[in-house]
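1. no FASTA, just this:
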């Protein structure tokens, strides 16, 4: 299984990129999203929902705090997921949302969740380059 610290490092790098973007880049459209900020928020919402599921909680709404908060929201959600994976053990979890190749409603083990989360962060980083 990949180490949860790899997810922390990946989301921190991407979050820093979002924090450093000028408003014009944050608000510019990217494929599948009205802006880079909404792409970051979508990833943060997915990571947060999966983290809550790993913790045995019902996913709570993840607010849109605006384009300039996208980096911070992504960092918080990524750190939460890394922490949830670290303590999850090997028991599968039912995903409330799709995460890469892992479908919503399907069972997924924490190692697969971590791998798909890393891939999702890399995909969003590529999309928002």
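-> Received it, and whenever you're ready, just let me know what you need. Just so you know, these numbers come straight off a predicted model, no measurement behind them.
2. Would you check that residue 94 makes contact with residue 105?
-> Yes: checked against Cβ atoms under 8 Å, the pair residue 94 and residue 105 is within contact range at 6.5 Å. Every C-beta, even on glycine, is put in place using the N, C-alpha and C of the backbone.
3. Can you name the residues that contact the residue positioned nearest the centre of the chain?
-> By Cα atoms, centre = their mean, the mean C-alpha position of the chain lies nearest to residue 47, the distance being 3.5 Å. With contact set as Cβ atoms under 8 Å, 6 or more residues apart in numbering, residue 47 has these partners: 11, 74, 77, 78, 80, 81, 117, 120.
4. Considering those, which is situated nearest to residue 54?
-> Distance ranking of the contacts of residue 47 against residue 54, using Cβ to Cβ, places residue 81 first at 7.4 Å.
5. Next, work out how far apart the closest one and residue 30 are.
-> Taken as Cβ to Cβ, to the nearest Å, the spacing of residue 81 relative to residue 30 amounts to 22 Å.
6. ok so, going back, ok, now how distant is the residue nearest to the centre of the chain from residue 27?
-> When Cβ to Cβ is applied, the distance between residue 47 and residue 27 equals 22 Å.
7. helix or strand for the residue located most distally from the centre of the chain, which one?
-> The centre of the chain is farthest from one residue, residue 24, which by Cα atoms, centre = their mean lies 22.9 Å away. With secondary structure defined by DSSP states H and E, residue 24 is part of helix 23-26.
8. Go through that helix and flag the buried ones.
-> Burial within helix 23-26, assessed by neighbour count using 16 or more other Cβ atoms under 10 Å, is assigned to 25, 26.
9. do the same with stretch 66-77
-> Taking 16+ other Cβ under 10 Å as the criterion, stretch 66-77 shows 67, 69, 70, 71, 73, 74, 75, 76, 77 as buried.
10. Now go through these and say which are in helices.
-> 70, 71, 73, 74, 75, 76, 77 (DSSP state H).
11. now, among those residues, which is nearest to residue 90?
-> Of all those, the one with the least separation from residue 90 (Cβ to Cβ) is residue 77, at 22.8 Å.
12. and that closest one, what does it touch?
-> Going by Cβ under 8 Å, 6+ apart, the list of residues near residue 77 reads 11, 43, 44, 45, 47, 48, 51, 62.
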